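# My questions are about this predicted structure, shown below with the sequence.
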Amino acid sequence: MSGFGEATRAVRVGEGVYDVCLDDGYSIGGPLNGGYLMAVLLRAAVDDSPHEHPVSTSAQFLRTGRPGPARVRVEQVKTGKTTTISRASLVSDDGPLLETLVTTATLDPLAEPLYTSAPAHAMPPPEECLPLPEPRPESNMNLNGQMELLFDPPTVGWLNGAPTGRPESRAYFRLRHGQEPDPFVLALAVDALPPVVFSAGLRGWAPTVELTWHLRALPAPGWLTVLASGRMVGDGWFDEDAEVWDSAGRLVAQSRQLARVGRG
């Protein structure tokens, strides 16, 4: 099993009950990344389902996730020939972390879309994109060591005090250590970029309150392209929409989240 596979492993210990160990490698200054928490939960939800792929996930984030042992509880609400709908909860010793509704189905890896629109933004080639500076060791930005990100330069202008003034973030994404993308990697990818409000001129921790994402196709090997933007920032809240395209130019995931504006 890959490093990411091991970090998201769910072990069945009873009917609809799974033990997991939340990995410190996916933390950001202490708290664990929300996309990583969804990937852990989805391992259990898919294992409990007769269907192979998590095509729709709606998640409420209840409290900050920390590394250590935890448990996923899955309850099937409805199951049929094409889909299963389940309630799944991720719970630690501190209490519930994540409450979700998950729809699983089995996608055809050879299916071709009848219609698809173009990406929301044209990315420059990877050689013209920028990595983020290596974080200081004391910052405990462990997630950076698990993935590679190459950013469209204008969307990281905030690093040098020149944000675009628009909520946006765009980057090429892949996991390190040879892990190719799959549906669980996509759960991480939709929440892997810096919050779009950084580019709007705001900084600080921006916790997700609710996130819904859809698996649209099974991804091809290679780099993913993640395009994220927001429509409104105000009253302490912002929204963030993301689309993920694979190396074959297919739309493979879409997400929308509601989050709090960070305090820098």
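Structure received. Numbers count the residues shown, from 1 in each chain.
# all contacts plus neighbour counts: C-alpha atoms, from now on.
Noted.
# For whichever strand or helix holds Arg87, enumerate the helices and strands it packs against.
Element membership for Arg87, per DSSP states H and E: strand 84-92. Contact partners of strand 84-92 among helices and strands, from 3 or more Cα pairs under 8 Å, 6 or more residues apart in numbering; DSSP states H and E: helix 34-48, strand 68-79, strand 95-105.
# again, 10 Å this time
The helices and strands touching strand 84-92, judged by 3 or more Cα pairs under 10 Å, 6 or more residues apart in numbering; DSSP states H and E, are strand 17-22, helix 34-48, strand 53-61, strand 68-79, strand 95-105.
# will you turn those into CSV that also has mean neighbour count?
Listed next are the helices and strands packed on strand 84-92 as CSV, based on neighbours: other Cα atoms under 10 Å:
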stretch, mean neighbour count
strand 17-22, 21
helix 34-48, 25
strand 53-61, 22
strand 68-79, 18
strand 95-105, 21
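# before we move on, the earlier item: could you spell out the sheet neighbours of the strand holding Arg87, each with its direction?
Within its sheet, strand 84-92 is paired with strand 68-79 (antiparallel), strand 95-105 (antiparallel), according to DSSP bridges.
# of all those, which lies closest to Leu188?
strand 95-105 (14.7 Å; Cα to Cα).
# Show me what the mean pLDDT comes to for the closest one.
Strand 95-105 carries an average pLDDT of 98.
# Helices of the stretch 151-264 of the chain, residue ranges please.
Taking DSSP state H, counting those that start in this stretch as the criterion, the stretch 151-264 of the chain contains helices spanning 183-189.
# Low-confidence ranges, it, go.
263-264 (pLDDT under 70).
# where do the strands sit along it?
According to DSSP state E, counting those that start in this stretch, the stretch 151-264 of the chain carries its strands in the segments 168-175, 208-215, 224-229, 233-234, 237-245, 251-260.
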